[in-house]
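Asker: attaching a predicted model along with its sequence, questions to come.
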Amino acid sequence: MSLDSTGLTGIRLGEFIRQYFDHIVAEWSPGIENPADSPAAEPAIGERLQQTLARIADRVDKREAGADVRVSLTPSPASDTERMHDTVSGERRLLRQSIVAVWERIVGRGIGSPELDTLDAALDDDLNAAAGSVRGREHLLRALDRVSDSALTSADLETFLGDLLRITLEAADTVDTCAVLIREENRLRVRAAVGLEAELSAELSVAIGEGFAGLVAEQARPVELPHAAQDSRVNSPTIRQGVKALYGVPMILAGKVIGVAYVGSLSACEFPEDDKLLFRAMVSRAALAVVKAQILADLRRTEGAQRFLAEASREFAESLDYEATLEKIAHLAVPTIADWCLVDLLEDGRLRRVSVANADPQQDSVATRLKNRYPVDPDAMIGIASVLRSGRTEWRDRVQDDVLERVAWDADHLSLLRRLKLRAYILVPIVAKGDLLGTIALMTAESGRRYSEWDVEIAEDLARRAAMAIENSRLYQKAQEAVRLREQVLATVSHDLRNQVNVIGIANRLLRHTANLADPATERSLNVIERTSQSMQRLVNDLLDLASIQAGKLAVVATSVPLRSLIDEAYEMHEAAALASGVRLVAACEPNLQVLADRSRILQVLGNLLGNALRFTPIGGRVVIRGEAAETDAVVSVSDTGCGIAADHLPTLFEPYRTIARSGHSGSGLGLFIARGILERHGGRIWIESAEQRGTTVFFTLPRQDAPDGRH
């Protein structure tokens, strides 16, 4: 179509967008990928673009008129969610380029900076509205959160891709195999595989157009095969052995295929749309991660960046005081990657500056005056406020005077800003699990350093690590407070309960002196009261011990004790119970073994272990308590011939309130936890060996007083 520039002198951007809508669409359309590759998708794209351009034009008009430029955005319809998630970032970038290109061709000059900023803000709002519709899929978000976490914590690209595929395998019930191939020149090389093809060699590669992965890369769009095992286009021996549905998605960035990922199913001939959406979203993340890995590989060649990130990670890992850590990080950044570093955090909707570092101490007074006299303008179109509103990074590789004029409140403010001699800046949001926590600002001044996309990656990486540190610290503080309150309530309630149980016990003894014990019913009732009060007393004591252990205040007074005397006393305390249960109780101990132990506490441990063993051993079975010497410890074991414990229960048996019903019996779930707490206070340890239908043995150690070389 022809372009007529007649009468365009002084035309406004909003009017221009409306007038030359068709030209913008024509400029924009060739760069947009149509996953369905069918004309049916065209009207939906065009309709959404027209709505977007209309909103942008309205916003520009209102700004030029000096009115409030808030625009209410309507999220895209649910039917458009999948396509939008895949293409929205690329559409936004191409739309901006198209508007600028058509303007320059028709008007003959570039768009002014204020109009460009307004255009960027409108496009950001449209992007946020589109993202809002995607966030409605809860399972997608959970999986993507895990992918994001993996991207932050993975040491290399292979680890991240492996994590991504494992998350896919877990999140999609129908998926049995996954693989990722990264493009190297005109070939695709395997970088990660899980499931049926987990053994694929990293040396395996296919040419573009060869096999299923090559087909996906060649067509540059998602491809699905319903009967992959019989499809001649599949050359993987594993897939040809029974895989039905096979779904491949290209990794595309800047219009270029940089890799391919695919999933296969042994049971389904077609993947559910939600699973395909999930996989496309993950592949989109993976594409970004691949490029990021390539960029970071170059960045890490810079020694200063390497030292900075490593030191930042160490600082974040070593402390839960995130404010003190952020202060250290700010001073690490200066002068390694910046001349100025500012860290601001949002607290109850208010912005608080927690750290300022600069390379020139003479500028401290300027920074103080700026902070005290000119707080952040919440309506500013650029800077910290803009980043807080959009949640997106803002950076300029060159700060010119017109930028300072736009953010200055008055002449004095402008003068102070000029004295900073800023050259470039990067503003990154600190975001944790979708919550905006604050910003980190990196700025250059006297050094004259210019920022590039590499520097932006470093800043964003730093912000992600800061977000994780802040989130972990806040969660830790909340957990500590919850534990403190729980312990306080538990101790108070247990103390009050013990008093009431004591009253019941005293009343029961008084009744025994006054009641008619010749009456069998009366005696049975008093016996029930006595057993119940004793059981309640043990439970209360357990609760008090639990609170003491969790608070690190369990009292233990260890003295030298003959181990044989402990075992004999425990045996005597449980001999009658064993006879009543029809279980044979056996005790054995090596002679002359002296241990360091709190006698009452170790008897408490033995009582718990023997009680469990007798409870779960059938009539005619046997329980053995044994003491033996080790090099520097004594090892005590309590074994039974009961039903045993399944292997999957063993790792959690020492957690509080963990119970396993065996042979119809179960307890409070505190005994083993308390036993471990008591033994750890002695410097010992406890463990269990068991198997179903083969009995159970519990071992624990105590330090020997008579250790051969005098150690204890």
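Answerer: Sure thing, it's come through. Computed from a predicted model, the values in this text were never measured in an experiment.
Asker: switch to C-alpha atoms for all contacts and neighbour counts from now on
Answerer: OK.
Asker: the helix or strand where residue 701 lies pairs with which strands?
Answerer: Here residue 701, judged by DSSP states H and E, is contained in strand 696-703. Take DSSP bridges as the rule and strand 696-703 pairs in its sheet with strand 633-640 (antiparallel), strand 686-690 (antiparallel).
Asker: so for residue 285, which of those strands sits nearest?
Answerer: Of all the strands paired with strand 696-703, strand 686-690 sits nearest to residue 285, with 43.5 Å by Cα to Cα.
Asker: tell me what the lengthiest helix in the chain is packed against?
Answerer: The longest helix of the chain (DSSP state H) is helix 453-514. Counting contacts by 3 or more Cα pairs under 8 Å, 6 or more residues apart in numbering; DSSP states H and E, helix 453-514 is packed against helix 138-153, helix 273-299, helix 303-318, helix 322-336, strand 424-432, strand 435-444, helix 520-550.
Asker: again, only this time at 7 Å
Answerer: Identification of packing neighbours for helix 453-514 by 3 or more Cα pairs under 7 Å, 6 or more residues apart in numbering; DSSP states H and E yields helix 322-336, strand 424-432, helix 520-550.
Asker: domain map for the protein?
Answerer: Listed domain ranges for the chain are 13-134, 138-299, 303-465, 478-550, 559-703 (source: automatic domain parsing).
Asker: any chance of the ones you listed in a markdown table, with distance to residue 471 and mean neighbour count too?
Answerer: What follows is those, written out as a markdown table (distance: least, Cα to Cα, whole Å; neighbours: other Cα atoms under 10 Å):
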| stretch | distance to residue 471 | mean neighbour count |
| --- | --- | --- |
| domain 13-134 | 23 | 16 |
| domain 138-299 | 13 | 19 |
| domain 303-465 | 7 | 17 |
| domain 478-550 | 11 | 15 |
| domain 559-703 | 26 | 18 |
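Asker: least confident of those domains, on average?
Answerer: Of all the domains of the chain, mean pLDDT reaches its minimum on domain 13-134 (a mean of 65).
Asker: show me where the stretch 551-700 of the chain has strands.
Answerer: Using DSSP state E, counting those that start in this stretch, the strands assigned to the stretch 551-700 of the chain run over residues 559-562, 584-589, 594-597, 622-629, 633-640, 686-690, 696-703.
Asker: would CSV of the ones you listed with distance to residue 347 be doable?
Answerer: Converted to CSV, the strands of the stretch 551-700 of the chain look like this (distance: least, Cα to Cα, whole Å):
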stretch, distance to residue 347
strand 559-562, 53
strand 584-589, 63
strand 594-597, 51
strand 622-629, 59
strand 633-640, 53
strand 686-690, 45
strand 696-703, 49
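Asker: for residue 530, find the nearest of those.
Answerer: When the strands of the stretch 551-700 of the chain are compared by Cα to Cα, strand 584-589 sits nearest residue 530, at 25.7 Å.
Asker: so how far is that closest one from its chain's centroid?
Answerer: Counting by Cα atoms, centre = their mean, to the nearest Å, strand 584-589 is centred 50 Å from the centre of its parent chain.
Asker: now do the phi/psi pair for residue 243.
Answerer: Dihedral pair for residue 243: phi -70, psi 130, per degrees, to the nearest 10.
Asker: and it, how close does it get to residue 176?
Answerer: To residue 176, residue 243 is 9 Å away according to Cα to Cα, to the nearest Å.
Asker: same thing with residue 213?
Answerer: Taking Cα to Cα, one finds residue 213 at 17 Å from residue 176.
Asker: same question for residue 368.
Answerer: As judged by Cα to Cα, residue 368 and residue 176 stand 60 Å apart.
Asker: try residue 257
Answerer: Residue 257 sits 25 Å away from residue 176, going by Cα to Cα.
Asker: next: residue 612.
Answerer: Distance from residue 612 to residue 176, counting by Cα to Cα: 43 Å.
Asker: let me have the helices and strands packed on helix 453-514 in TSV, extended by distance to residue 482.
Answerer: Shown next, in TSV, are the helices and strands packed on helix 453-514 (distance: least, Cα to Cα, whole Å):
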stretch	distance to residue 482
helix 322-336	20
strand 424-432	22
helix 520-550	12
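Asker: which among these is found nearest to residue 110?
Answerer: The minimum distance between residue 110 and the helices and strands packed on helix 453-514 falls on strand 424-432, with 22.2 Å, by Cα to Cα.
Asker: picking that back up, so which of the helices and strands packed on helix 453-514 comes closest to residue 157?
Answerer: strand 424-432 (21.9 Å).
Asker: can I get the CA coordinates of that closest one in CSV?
Answerer: The C-alpha coordinates for strand 424-432 follow below in CSV (Å, rounded to 0.1, in the frame of the first residue of the first chain):
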residue,chain,number,x,y,z
ALA,A,424,23.8,5.2,32.8
TYR,A,425,21.5,3.3,35.1
ILE,A,426,19.8,-0.1,35.5
LEU,A,427,16.6,-0.4,37.7
VAL,A,428,15.5,-3.9,38.5
PRO,A,429,12.5,-5.0,40.5
ILE,A,430,12.9,-7.4,43.4
VAL,A,431,10.1,-9.9,42.9
ALA,A,432,9.4,-13.0,45.0
